[in-house]
Structure formats: structure tokens, C-alpha cells
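In: Quick one: sequence and predicted model below, then my questions.
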2 protein chains.
Amino acid sequence: MIDRLFAVIMAGGIGSRLWPRSRCTAPKQFLDLLSSQTMLQQTVDRIEPLIALARILVVAGRDYEPGVRDQLPGFPASNFLVEPEPRGTAPCIGLAAVALRQRDPEATMAVFPADHRIADAAGFRRAIAAASEIAQEGYLVTLGITPDHAHTGYGYIQRGSSLGAVEGLEVFQVRRFAEKPDSATAQEFVESGEYFWNAGIFVWRVDAILEEIKRLLPGLHEQLLAVARAWDRPGFDQALATAWQQVPRTTIDFGVMEQAEKVAVVPVDIGWNDVGDWATLSALLPADEAGNIVRGAGHSILLNSAGTYAYTSAGRLVAAIGLEDMIVVDTPDAVLICAKDQAQSVRQVVERLRSGGLEGYL
Amino acid sequence: MIDRLFAVIMAGGIGSRLWPRSRCTAPKQFLDLLSSQTMLQQTVDRIEPLIALARILVVAGRDYEPGVRDQLPGFPASNFLVEPEPRGTAPCIGLAAVALRQRDPEATMAVFPADHRIADAAGFRRAIAAASEIAQEGYLVTLGITPDHAHTGYGYIQRGSSLGAVEGLEVFQVRRFAEKPDSATAQEFVESGEYFWNAGIFVWRVDAILEEIKRLLPGLHEQLLAVARAWDRPGFDQALATAWQQVPRTTIDFGVMEQAEKVAVVPVDIGWNDVGDWATLSALLPADEAGNIVRGAGHSILLNSAGTYAYTSAGRLVAAIGLEDMIVVDTPDAVLICAKDQAQSVRQVVERLRSGGLEGYL
């Protein structure tokens, strides 16, 4: 079965909360945020022992193709799928499913974001192997991250009855998906022991996901069929572009998973982190005695500062005096200075740049 | 008498507490910190109604000469005096005194820093006129700034007995000069009503100051004589450089004023400010409702921030989120982020740059 298992890495995101390092031309997944490897390289390295590079697909906009090729030596050109425009995860996953059905009608696909961190790579692969086994029974399987605190920024998955153990991991039916909760609800979720974070990692048979897309998102399915008919033929790009004009904008969670019939969850505790903003990122890095973290190829001088993350691009210098729990990210054309507890608001800066005619800084 | 009054602007400072705008190549006095005019231009504009440009001398290092010429159209080249190296204010003032004695043995000289702000220019000129009158009696005259709070960063001047009123201003003998006091002492000084800030503004006859230099700093006087002998002759530059190797490093306050015999003070309240650091500077500028000040030719976006000064160079962008009472100064190669109450520590950054092989940022 494992040789019919394919990986689909969704690499089309823009990572706006990690501006000003994350840019249109080099978004989060292409950055070396946590190590000398980029997030995409880490993602591929984590998957490869289970799924060979030849069976790993990357879906993203055309602009990202050179970045993918640069960062993944040996990556087959035909494994890059162009998403003409971002339309949410449902069309993106539907496109990958169609592509895989062309290769192998009985393929199983595992879907991964390109820009998350997972500390326990072996545990992660074991969970994917277990999930792909359950997927053979027609289940749409999702990994559920055991929460370690009442995070309000993630969706949650409530488990239902047990489906037994696979590869040493207990697997459950899913009772329901819950949107990002308020703080009290998140607390209840975590205390119940029945809820897990939805990390956007899915495993299913290609025929199973396409069947559910057909039932729940018939408009999308129709366009995917049009794309499938044009596959490997002259005029494919045009057919894809035309179809993409008409696909509904929706996520796989909202459009499919929440209403799908056979959904399972594999709860895992694998050191998962979405590296969603600068504060989250800085919490993953080793700090000095004062809690400061200095990164980047430039120079940083921190005086009388604590709990502060400073990144500086080559050739530039950051001098910080008296900072407490701050983020400083200095790039060749822009600098962000942000209180750690307001790291989510970086997105507002990006919106202001877009609406204010300052797209050159995006 | 006024037509024998000359101005000497000391423009050799490096303004290190205003790094990273203030640089070796363009220090504080050459920057448009408070208006579209530079500090030097404001200084000259303030003086000119009283002393014509032809009688204004500027003393600074050779490197600053182009900046002075650029910023002061019509400034006579011969009015620029080269200070071979910074040796404190005593040698600098001595050099200017020698230069003026060549022009007019009975000249009176008024000495000004190039980089201070004075809100009441008319009041300032009235005080200089009064001081130059008293100077004719052989006094070394200093302007004393009426303190509006117990500042610990300035030297103080204690007044003695009254010398009567001149131009409507009461003038006093000086009892003593006091070094920068501690907080309690500063408080006593201010409450006494007898103490004034030493702003480094002096007026005296050239013969009087040279006489006191001869008495109190004979080593300096000897070198000044050597310089005077070489004046307007071939080899002057070499003679000056040689003399400068041997002049003692000292300030006019410590080396002369504190021990001089006839010293007077003209107390004034003229909106004086030394613009000594970024916090002081930002307090002089109009702020928006949140207390923020945005300057520079670049772009600044401040979200949820208050009491914050942001300067950005052309082409660059500063994005600040959640800052309280901070200074952000962003230049083409370096950015400073500093808590306002630690603005004095910018000097430490400059020292670190110097000792750490990062002189390129100075």
C-alpha cells in the first residue's frame, strides 16, 4: 500500500504574519526560519523516509516554481502542480487528487502544509502510515494534535468512538470539527481530553476524496472533471485557467470535512507548531540568559533588553536599547518592531501596505 | 562696538547620542533634526541679524568643511577654521581667538555650539548684545539658562553679586561653576534661584580670553603663539598640525572659566535646549493625539503605539506595533530602537561599534 502513497505539499501560502521576511517573492515556506533549512526543505526531509521524492507533489502558484526547484534538488518538474490562483484548500487539494488519479486511480494521498514545524519526525511518519492504512477503508483521515494549552487560534477536532489501534496508535471516528473557539470554550475542549488541534494534515484515498467533493462541492467537482479531461493535452494550461475562474473559493475543512461521512482522526503528540507568527517562531528558538535571540547575517547589538528576538539582514545593523519582549525583524527595505503579544497584528500591517499603495514592500 | 563683535561657531562635534542619523560624515549639526533647516543653519540664522555672515567663523575638522560650505551659501571660505583634531573646547576657542586677533586686536568674540535649539532668537540676541557690552569691561561672560527642572545632565553656574542691568537684563558676577550634580543637588540648585545651566555660550574680548589662557593654560598658550606666528604664511597647515600635537586636551569650562578672575553671567530664559539625545529631540516636536511623531522621507506605519518617535529614511519602511514611549530611527544601513528613558545609552552603542570593528556604521 505504501508504494501507492503520495504526498501533496501545499506551498501556495503567503505567510503574511511573518512579514517583512515573508514576501510575495519569498514567502514563509521558502525561508530558513528555524534552521539553515527552509520550511519547505524541512517538510520534504520529514516526509522522504516514508514517501520518495518522486511521489511528492508540490502545489503552488506559477511564481513559486523556481523557488521549489532551487530548494529541492532532484525534484521532478512534473511533480509541480500550478494552482492558477489561490482559492482555498479545497480546489488546491481537488487539483492534486485529479493529478494523482491520472497516475494511479488507486492512489492514496497525504496532504501537508509546507510551512509547519514537527519536532518528532519519526512519530509523524508513523502517524501518516497509520492514517494511510485507515484510509484504505474509505475514511478521510486527519491528524489531531494533542493540545498542550487552550489555544484560540486553531480549529479543533472532537473524537468519537474508537476504531482500534493501528501501528500502535489509537484511531477514532470524528464526531465534529469546531471552529476557532473562544478562550473558555478552548479551555473546556482541552480539559475534556476529546479535542485535538486541526493541523491541516490529511490522508485519504484519491477516489474517496473526489467522491466526497462530488457530493458536497459539485461545482468544484465539475471544474475538476474539466481539468482532468484536458490533462496532458495541448491547451491544458488554458483549460485549467478557465476552470479556475469558476471554482468556488472554500477550504477543505469547511467545504468537505465538516460534512463528510467517514472521517477519522489519529491523535498525535509530535511537537507540532504552525510557526504562525513571529512570537510563536521565537518561542521555538534557543535564547540567551536574558531571553534574547539574535538571528540573521547582519549585526545586532542589544543593550538592557530581555525576551527580545532580533533578526537582521546581511549588511544591516540593529541596535536595541531597553526592549522587553519585542520582535525586531530588519530587512533590506523594511523593519518591523512589534510587541510579542501583538504579533498577530502584523497581518494588519500587510493589509495597510496593500491598501496604501505600498505593495513594493509586500 | 557691535561691528567689532564676531561669532565663533564650534561645529566639530560628533553628536554620538543622535546616532544612527548623526554620523562621522554628517554629524548632528549638519542634520535637519527640528525643521527643514539643519542645526547649523538655524544657528547661523539666529546670529545673523546681530552679526553679519562675514564676521561669523566656523571651527571644525577639515572633513566638515564641504558640509559647512554646502549648508551656508555665501559663507566666506577664509572664515572656516580647521581644527586638526578634537582636543576639547579650550584649544578650539584658543585657535579662534588667535584668528580673530589677526583680524582685529580689539575684537570681541561670541562662542556658540552649532547644534543647540533656541526658541526665542530675539531674546538670545539681546542677551548676546548685553554680554558683549559687559565683555568690554574685561569680563568673560557666559549665558546662564534659567532652569525649568532639576536636570542632572548639565553643568550649573552660580551667580554672585549683581553687576547691574544692561539692555534690560540683569548681569551677575559668577560665584562658581558646578559640575553635573546628582539629583538632590540639582533640586537644591533649582530651588535656590541662584543657579543657571551652562549652555556653552560665551562672550569675551579676544585679548581677555587669551590673557586668561596664558595665565591658566600656559602650555596651550605657547602652542597658540606658534600658530599665530605662522598665520597667513607658507607652511601654516604644518605648523598648526605640529602645534595641535602638543596642545593639552581640556575644556574651556574646566581649563579656564572655573578659575578665571572676572567672570559674569547673563541669566536668560530663551527656550534653550541642547537637543542632546533622541528623547530630548522628540519632546520638542509636535505629536499626534497618541503622542506619536513620524519624520523622515520614508514610510512609517504605527499600530497601537503611543509616545513613540519614528524616523525613516527615503525608500525604507518602519512598521511598529504596540510600542510605548520608544524611539525608532531607521537609516539606509542601521536602525535604532530605544526606550525613551534610556536615550542616553545610545552613546554605548556607538562605543560598541567603535570597539567591535563596526566603524562602518559610525
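Out: Noted; the coordinates are in hand.

In: Report the contact partners of the closest residue to chain B within the stretch 101-250 of chain A.
Out: Going by CB to the nearest CB, chain B is nearest to A:G153 of the stretch 101-250 of chain A, at 17.0 Å. Yep, even glycine has a C-beta here, placed from its N, CA and C like the rest. A:G153 makes contacts with A:180, A:276, A:344, as judged by CB atoms under 8 Å, 6 or more residues apart in numbering or on different chains.

In: Scan these and report the most crowded one.
Out: Counting neighbours by other CB atoms under 10 Å in any protein chain shown, A:G276 leads those with 19 neighbours.

In: Where does the stretch 151-300 of chain A get nearest to chain B, which residue?
Out: A:H299 (6.2 Å).

In: what sits opposite that residue in the beta ladder?
Out: Beta bridges link A:H299 to A:L317, judged by DSSP bridges.

In: Under a three-state scheme, what state does A:L225 occupy?
Out: helix (DSSP: H, G, I helix; E, B strand; the rest coil).

In: Burial check on it, number of neighbours?
Out: 14.

In: how about the residues of chain A near chain B?
Out: A:19-20, A:299, A:301, A:303-304, A:315-323, A:326, A:328, A:330, A:333-339, A:341-343, A:345-346, A:348-349, A:352-353, A:358, A:361 (CB under 8 Å from any CB of the partner chain).

In: I'd like to know which elements the helix or strand harbouring A:L81 is packed against.
Out: Per DSSP states H and E: A:L81 is located in strand A:80-82. When contacts are defined as 3 or more CB pairs under 8 Å, 6 or more residues apart in numbering or on different chains; DSSP states H and E, strand A:80-82 packs onto strand A:56-60, helix A:65-71, helix A:89-103.

In: Please repeat the previous calculation with a cut-off of 10 Å.
Out: Here strand A:80-82 touches strand A:5-10, strand A:56-60, helix A:65-71, helix A:89-103, helix A:236-246, going by 3 or more CB pairs under 10 Å, 6 or more residues apart in numbering or on different chains; DSSP states H and E.

In: quick one: which of the contacts of A:G153 sit in helices?
Out: Residues of the contacts of A:G153 located in helices (DSSP state H): none.

In: pLDDT added to the residues you listed, as a markdown table?
Out: Shown next, in a markdown table, are the contacts of A:G153 (pLDDT from 0 to 100):
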| residue | pLDDT |
| --- | --- |
| A:K180 | 94 |
| A:G276 | 93 |
| A:Q344 | 94 |
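
In: Reformat the helices and strands packed on strand A:80-82 as TSV; add mean pLDDT.
Out: Listed next are the helices and strands packed on strand A:80-82 as TSV, based on pLDDT from 0 to 100:
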stretch	mean pLDDT
strand A:5-10	98
strand A:56-60	97
helix A:65-71	95
helix A:89-103	97
helix A:236-246	96
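
In: so where do the strands sit in the stretch 51-200 of chain A?
Out: Counting by DSSP state E, counting those that start in this stretch, the stretch 51-200 of chain A has strands at residues A:56-60, A:80-82, A:108-113, A:117-118, A:140-145, A:156-166, A:169-178, A:195-205.

In: Could you identify which of those strands is most buried?
Out: strand A:140-145 (a mean of 26; mean count of other CB atoms under 10 Å in any protein chain shown).

In: Parallel or antiparallel, which strands does that strand pair with?
Out: According to DSSP bridges, strand A:140-145 has these partners: strand A:195-205 (antiparallel), strand A:263-268 (parallel).

In: how far out from the middle of the chain is it?
Out: Its chain's C-alpha centre and that of strand A:140-145 lie 14 Å apart, by CA atoms, centre = their mean, to the nearest Å.

In: one step back: ok, the residue of the stretch 101-250 of chain A closest to chain B to B:P84 distance?
Out: 63 Å (CB to CB, to the nearest Å).

In: Ok, A:R21 next?
Out: 47 Å.

In: Of these two, which one has the most company?
Out: Just comparing A:R21 and B:P84: by other CB under 10 Å the higher neighbour count belongs to A:R21, 23 against 17.

In: what is the most centrally placed residue in chain A paired to in the beta sheet?
Out: With distances taken as CA atoms, centre = their mean, A:P113 lies nearest the centre of chain A, 2.4 Å away. With DSSP bridges as the criterion, A:P113 is bridged to A:M10.

In: ok now do it, which residues does it touch?
Out: A:9-11, A:13, A:28-29, A:39, A:43, A:89, A:199-201, A:274-275 (CB atoms under 10 Å, 6 or more residues apart in numbering or on different chains).

In: swap in A:S162?
Out: So A:S162 contacts A:170-173 (CB under 10 Å, 6+ apart).

In: how about CSV for the residues you listed, with distance to A:A239 and pLDDT added?
Out: Shown next, in CSV, are those (distance: CB to CB, whole Å; pLDDT from 0 to 100):
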residue, distance to A:A239, pLDDT
A:E170, 44, 97
A:V171, 39, 97
A:F172, 40, 98
A:Q173, 38, 98
